[in-house]
Structure formats: C-alpha cells, structure tokens
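**Q** what's the 3D shape of this:
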Amino acid sequence: QVQLVESGGGLVQAGESVRLSCAASGRTYNIGRMAWYRQAPGKQRELVADITTGGRTNYADSAKGRFTISIDNAKNTVSLQMNRVKPEDTAVYYCAATLILNVEGANVTDWGQGTQVTVSS
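**A** Okay, here's the model as predicted:
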C-alpha cells in the first residue's frame with residue numbers, strides 16, 4: 001500500500017510550538033485522506049485532525065484553534081503544526097493515510113510508526 005515516515009516531535013515546553021511531518025511513498029495516487037492520530041499512555045488512539053486531498057479539514061475539539069493540518073499533494077506529505085502545546089498533548093502521534101480502492105468507496109488505512117511528543121509544564 002503506502003509507507004509513511006513521520007518526523008518532528010520530541011520534548012517541548014508548554015506554550016511552545018512543534019511541527020510534525022509525514023512523508024508517504026508507494027501507492028500514493030490512491031490516497032484520499034491523511035490524518036494525525038495520537039495515543040497517550042493508558043488511553044485509546046484518537047483522531048487529532050484529518051485532511052482530504054481536496055483540502056477539506058476536520059479537527060478534534062482539543063486541537064481546534066491550536067493545531068493546523070496541511071497537505072502537499074505534490075510531495076505526498078502531511079504536516080501538523082502544533083501551537084501553544086499543553087502537557088495533555090503528550091502522546092505518540094501517528095500519521096495515517098486512507099487509500100480509496102474503488103469507485104464504491106472501499107478503502108484501507110495505512111499507519112506510520114509514530115513519533116513521540118512530550119510536553120513539559
């Protein structure tokens with residue numbers, strides 16, 4: 001399908017900014033949507049933001065007003081700009097790409113390995 005490689009993240013102070021990037025390779029022509037999810041210790045993986053290849057975006061309430069997702073279709077990359085981060089943003093962040101398999105909308109999602117973001121107070 002597609003291979004996803006995340007970069008960015010690390011240790012940041014509360015109130016600062018951090019940018020995550022994800023590069024896709026492989027069957028990128030089938031990608032219909034890319035997204036960022038996160039999973040904090042002891043919690044379920046949750047959607048942070050997603051974006052279609054047409055540019056339509058969707059954000060979790062916790063991300064609205066602070067995070068911005070963007071896509072570069074030419075470079076097959078998706079980024080997440082995280083501003084004014086909080087300790088509760090600490091999690092492993094995963095990039096995901098949803099591939100559209102046919103005209104009926106069948107799809108499959110591929111995942112990256114994840115990148116750790118730790119926000120200190």
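
**Q** Which secondary structure state is assigned to the residue lying closest to Val48 once chain neighbours are set aside?
**A** Spatially, and ignoring its direct neighbours in sequence, Val48 is nearest to Trp36 (4.5 Å; CB to CB, 6 or more residues apart in numbering). Using the backbone N, CA and C atoms, a C-beta is placed for each residue, glycine as well. Classification of Trp36 using DSSP: H, G, I helix; E, B strand; the rest coil returns strand.

**Q** now do Gly32
**A** Under three-state DSSP, Gly32 comes out as strand.

**Q** was I right about it contacting Ile51?
**A** No - the criterion here is CB atoms under 8 Å, and Gly32 misses it with Ile51 at 10.5 Å.

**Q** Between these two, tell me which one has more neighbours.
**A** The neighbour comparison of Gly32 against Ile51 (other CB atoms under 10 Å) goes to Ile51, with 21 against 14.

**Q** Could you give the separation between the terminal residues of stretch 35-55?
**A** The straight-line separation of the ends of stretch 35-55 (CA to CA, to the nearest Å) is 12 Å.

**Q** ok, now stretch 76-89?
**A** Terminal residues of stretch 76-89 are spaced 26 Å apart (CA to CA).

**Q** Check the offset of that stretch from the chain's centre.
**A** 8 Å (CA atoms, centre = their mean, to the nearest Å).

**Q** Enumerate the positions of it that are buried.
**A** 76-80, 82, 85, 89 (16 or more other CB atoms under 10 Å).

**Q** what does stretch 36-52 give?
**A** Going by neighbour count (16+ other CB under 10 Å), the buried part of stretch 36-52 is 36-38, 48-51.
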